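Novice: got a predicted structure here, sequence first:
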Amino acid sequence: MNNNNDSSAIAFKELRQLGRLAFQGLGLSQKAAEQVSQVLVLADLFGLTTHGLSRIESYGERLESGGISASAEPVIETVAPAIARVDGRNAVGPLVGMAALDAGIEKAKQFGISLVLARGSNHFGPVSPYSYIAAEQGFASIIGSNATTTIAPSGGSDARLGNSPLGFGVPNPDGNHFMLDMAMSVVARAKIRSALTRQQSIPDNWATDANGKPTTDPRAALEGFLLPIGGHKGYGLALVVDLLAGLLSDAAYLTHVKSWVDAPDEPQNLGHFFILIDTARLGSSAWLKERMTDFAAILHQSPAIDPAVPVIVPGEIELEKMRRYMRDGVPVDPVTQRLLDLYASREA
């Protein structure tokens, strides 16, 4: 089965296994590789292909050069009853993310709410896989990470902060979870790189050139800065994420974060934060399902401006894609397929 971009579709279980084998081929233990593959394949299931297994290209380069430690195991430290810190020890990002998520869930089970701060990490994929895993177990979540500097501060003329991805999740016991996953830039740089590869122009509200002027040229945009959502308000939100994920976690922050593009062989010391809420402490699953269903219905009942584009609730597109891809197979582009096969062959 092929789609229009020549991607082939791979059965979900086979893709999970291929991802695991590929990361084992890059030096990770079986358990670590399984967790990394779980996060990245969920991203692909949600249609977030720029943050799914395609990341094996950048992760692989950095694992091969020693910029990411293949053998590192994150260390968890309890600093207060409901607060933990995770030292990622420069492990691959999704492994650090899963360690933080697991620690947060365990503490929230005990205390109703938890905060986990992670440092010594790397790019951990998108937020929504973590939100989904938490929601499936009944936990609401607020999760964020800092990132390589790509955004200029309001009124500034050079990049001083990252796009600070931030996500929220609220479970619905029927599986239709609320999941909002967004960066504080209008788009991720990966979308601009994709436009350059396809030789397409970009909207002028995505990024500026090196002189801070809006541009529709993806090459100029990659040499300039990303624009934050909502102008100065997005700038402020991005700073809040970096304060929690970077500064308070004792990770790098703002310009202290190393660029994985410019210095792939050096640790980034990225930081993340995870806030988990045990919804079982607030009411029964029947109570939560009724309220979440009504919440979505109120929004769905808003008459659409365009009947072909009905009102949706964040998470619906991703979960629908997941159901379809679980049934029909997950699209994987040829470049990613070749890299997965190459690294996986080392385990053969």
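Specialist: Arrived safely, thanks for sending. Residues are numbered from 1 along each chain as shown.

Novice: ok, the spatially most central residue of the chain - contacts?
Specialist: The centroid of the chain falls nearest to Pro126 when counting by C-alpha atoms, centre = their mean (1.0 Å). Applying C-beta atoms under 8 Å, 6 or more residues apart in numbering to Pro126 gives the contacts Ala43, Phe46, Leu48, His51, Pro165, Gly167, Asp181. C-beta: built from backbone N, CA, C; applies to glycine.

Novice: how far away is the residue lying farthest from the centre of the chain from Val311?
Specialist: Outermost residue of the chain with respect to the C-alpha centroid, by C-alpha atoms, centre = their mean, is Pro303; its distance is 31.9 Å. When distance is defined by C-beta to C-beta, to the nearest Å, Pro303 is 8 Å away from Val311.

Novice: just give the number of residues close to Leu247.
Specialist: The number of residues packed near Leu247 is 17, by other C-beta atoms under 10 Å.

Novice: please apply the same query to Asp306.
Specialist: Residues near Asp306, counting by other C-beta under 10 Å, number 6.

Novice: now for the helix or strand containing Gly97, which elements pack on it?
Specialist: Assessed by DSSP states H and E, Gly97 sits inside helix 93-111. Helices and strands touching helix 93-111, by 3 or more C-beta pairs under 8 Å, 6 or more residues apart in numbering; DSSP states H and E, are helix 30-45, strand 83-87, strand 113-121, helix 128-136, strand 139-145, strand 270-278.

Novice: what angle separates it from strand 113-121?
Specialist: When axes from the mean of the first three to the mean of the last three C-alpha atoms, to 10 degrees is applied, the directions of helix 93-111 and strand 113-121 differ by 160 degrees.

Novice: name the residues of stretch 259-278 that are buried.
Specialist: Under the neighbour-count criterion of 16 or more other C-beta atoms under 10 Å, stretch 259-278 has 259-260, 264, 267-278 buried.

Novice: so where do the helices sit in the stretch 201-348 of the chain?
Specialist: Listed in chain order, the helices of the stretch 201-348 of the chain (DSSP state H, counting those that start in this stretch) span residues 218-222, 232-242, 285-300, 316-328, 334-344.

Novice: list the contacts of Arg281.
Specialist: Counted by C-beta under 8 Å, 6+ apart, Arg281 has contacts Gly112.

Novice: try Ala99
Specialist: Counted by C-beta under 8 Å, 6+ apart, Ala99 has contacts Pro74, Ile76, Val86, Gly88, Ala118.

Novice: these two touch, right, the fourth one and Arg119?
Specialist: To tie it back to what came earlier, the one meant is Gly88. Yes: the pair Gly88 and Arg119 passes the contact test of C-beta atoms under 8 Å, sitting 6.5 Å apart.

Novice: more crowded one of the two?
Specialist: Comparing Gly88 with Arg119 by other C-beta under 10 Å, the one with more neighbours is Gly88, at 32 against 22.

Novice: and the more buried one, how far from Ser8?
Specialist: For Gly88 relative to Ser8 (C-beta to C-beta), the value is 33 Å.

Novice: per-residue confidence for Asn2?
Specialist: Asn2 carries a pLDDT value of 40.

Novice: gap between the worst-scoring helix or strand of the chain on mean pLDDT and the chain center?
Specialist: The weakest-scoring helix or strand in the chain, judged by mean pLDDT, DSSP states H and E, is helix 189-197 (a mean of 87). Counting by C-alpha atoms, centre = their mean, to the nearest Å, helix 189-197 is centred 17 Å from the centre of its parent chain.

Novice: for that helix, name the packing helices and strands.
Specialist: In terms of contacts (3+ C-beta pairs under 8 Å, 6+ apart), helix 189-197 is packed against helix 218-222.

Novice: determine the set of other helices and strands touching the helix it packs on.
Specialist: Using 3+ C-beta pairs under 8 Å, 6+ apart: helix 218-222 touches helix 189-197, strand 207-208.

Novice: got TSV for the ones you listed, with distance to Ser141 and mean neighbour count too?
Specialist: Below are those laid out as TSV (distance: least, C-beta to C-beta, whole Å; neighbours: other C-beta atoms under 10 Å):
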stretch	distance to Ser141	mean neighbour count
helix 189-197	23	17
strand 207-208	29	24
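
Novice: redo those as JSON lines? Include distance to Glu347.
Specialist: Output for the helices and strands packed on helix 218-222, formatted as JSON lines (distance: least, C-beta to C-beta, whole Å):
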{"stretch": "helix 189-197", "distance to Glu347": "28"}
{"stretch": "strand 207-208", "distance to Glu347": "40"}
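
Novice: these: which one's closest to Arg291?
Specialist: helix 189-197 (34.9 Å; C-beta to C-beta).

Novice: list of residues touching that closest one?
Specialist: 50-51, 150, 163, 201-202, 206-207, 218-219, 221-222, 226.

Novice: just the buried ones from those residues?
Specialist: Applying 16+ other C-beta under 10 Å to the contacts of helix 189-197 flags Thr50, His51, Thr150, Asn163, Ile202, Trp206, Ala207, Pro218, Ala221, Leu222, Leu226 as buried.

Novice: returning to that earlier point: among the contacts of Pro126, which ones are in strands?
Specialist: Gly167, Asp181 (DSSP state E).

Novice: farthest-apart pair in the contacts of Pro126, please.
Specialist: Largest pairwise distance in the contacts of Pro126, by C-beta to C-beta, is 13.9 Å, between Phe46 and Pro165.
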